[in-house]
Each structure stands twice: as C-alpha cells, then as structure tokens.
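Chemist: Have a look at this fold, sequence not included:
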Ligand SMILES: Nc1ncnc2c1ncn2[C@@H]1O[C@H](COP(=O)(O)OP(=O)(O)OP(=O)(O)O)[C@@H](O)[C@H]1O
C-alpha cells in the first residue's frame with residue numbers, strides 16, 4: 001500500500017467513526033467547543049499543546065475502543081462472558097482518559113475564566 005492509499009484508508013476510518021458512532025460525535029462536539037473557548041481565552045503555546053494532546057488522545061482512544069467493539073462483534077456475535085469483559089475494559093480505558101481530560105480541562109480553563117470574570 002503506497003503512502004497516499006494509507007492516508008486515504010485512515011481518513012476513511014475517521015469519517016466512518018465520526019458518522020456512525022454517537023460517542024465519537026459527542027467527543028467531536030466537545031473538541032469544537034473547547035477549541036473555540038481556547039481561541040476566545042487566548043491560550044498560550046503550552047496550553048494549546050496540552051489541549052491538542054488531550055483532544056487528539058481522546059478521539060484516537062475512542063476510535064480504538066470502537067474498533068475493539070466491532071472486532072468483538074465480528075468474532076463473537078453471541079453473548080459471551082469474555083467478549084463482555086473485553087468491551088468493558090476498552091470502555092474503561094476511555095473513561096480513565098476522559099476523567100484525566102476533565103481534570104486537565106479544569107486546570108486549563110477555570111483560572112482563565114475566573115480572571116475573565118474579574
Ligand atoms: N457479545 C457480548 N457478550 C457479552 N457482553 C456483551 C457483548 N456485547 C456487549 N456486551 C456488554 O454490553 C456492553 C455494551 O456493549 P456495546 O457493544 O453495546 O457497547 P456500547 O458502549 O453501548 O457502544 P455503542 O453504543 O457504540 O454500540 C459491553 O461493555 C458489555 O458489558
């Protein structure tokens with residue numbers, strides 16, 4: 001697979017996840033809102049780097065979780081204890097990252113919002 005084709009299939013994966021997955025849609029809306037707020041609050045370069053790492057990490061992790069869910073459904077369409085555990089663990093990984101992202105968001109935004117309020 002040449003470089004352009006690799007890029008095309010990866011981009012198709014992003015579009016598929018964004019179109020089909022409700023959690024991915026939620027994260028994309030959150031990404032747009034937090035980016036807009038960062039523009040408005042005039043984030044520094046370091047704050048932008050942290051925000052971009054958090055947003056891209058959350059989106060990438062959600063896509064990996066979706067891929068694991070689909071793989072489990074493909075391999076084991078029936079109810080299966082191990083399949084359930086695999087899905088639970090993948091979902092747990094997203095929750096861990098989302099909690100960290102929420103704390104980082106508070107650290108980034110609350111002081112700036114308090115300063116803006118005066
Ligand atoms: N084949 C299965 N065997 C056992 N338990 C399952 C199975 N499929 C799903 N589960 C259980 O149901 C939970 C939800 O699974 P599901 O695939 O519906 O994910 P979801 O988080 O609702 O994602 P989405 O809404 O994107 O489909 C899993 O975390 C797991 O506990």
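Modeler: Sure, I can see it. All figures in this text were calculated on a predicted structure; none of them were measured in a lab. Residues are numbered from 1 along each chain as shown.
Chemist: pLDDT at the closest residue to the ligand within the chain, what is it?
Modeler: At 2.7 Å from the ligand, residue 84 is the closest residue in the chain, using CB to the nearest ligand atom. Bear in mind the C-beta positions are built from the backbone N, C-alpha and C, glycine included. Listed pLDDT for residue 84 reads 98.
Chemist: any idea which element it lies in?
Modeler: helix 81-117 (DSSP states H and E).
Chemist: Only the buried residues of that helix, if you could.
Modeler: By 16 or more other CB atoms under 10 Å, the buried positions in helix 81-117 come out as 83, 86, 87, 90, 94, 97, 98, 101, 105, 108, 109, 112.
Chemist: cool, stretch 56-69 as well?
Modeler: Buried residues in stretch 56-69 (16+ other CB under 10 Å): 58, 59, 61, 62, 63, 65, 66, 68, 69.
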